[in-house]
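Visitor: show me how the following folds:
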Amino acid sequence: MDHFALPDDELAIAQRNGSLYRNFQGYSTHADCDLIGLGITSIGKVGDSYSQNLKTLDEYYAQIDSGYLPVFR
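Guide: Numbering: from 1, shown residues only. Take a look at the predicted model:
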């Protein structure tokens with residue numbers, strides 16, 4: 001693991017017991033869970049699908065105000 005964690009931290013414990021998981025955002029103790037991105041430029045993952053929100057605040061709010069998710073890819 002390339003991150004610092006104290007010996008009693010949940011990341012260090014997960015590494016020792018073999019349950020440490022790495023996703024696109026870094027290390028996690030929860031393997032393969034859904035991640036919902038909130039805010040501009042945020043990235044989410046639901047199932048096997050990734051999405052990224054719009055990059056400007058004006059576009060982001062315009063999509064929300066129109067009743068759409070602010071996802072552009």
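Visitor: so Phe4 sits in a helix?
Guide: No: Phe4 is assigned coil when assessed by DSSP: H, G, I helix; E, B strand; the rest coil, not a helix.
Visitor: quick check, pLDDT for Met1.
Guide: Looking at Met1, its pLDDT is 59.
Visitor: likewise Leu20?
Guide: For Leu20, the predicted pLDDT is 86.
Visitor: and what about the nearest residue to it once chain neighbours are set aside, helix, strand or coil?
Guide: Once flanking residues are discounted, Leu20 sits nearest to Ala14: 4.1 Å by Cβ to Cβ, 6 or more residues apart in numbering. Yep, even glycine has a C-beta here, placed from its N, CA and C like the rest. Secondary structure state of Ala14, per three-state DSSP, is helix.
Visitor: what do you get for Tyr60?
Guide: Tyr60 - assigned by three-state DSSP - is helix.
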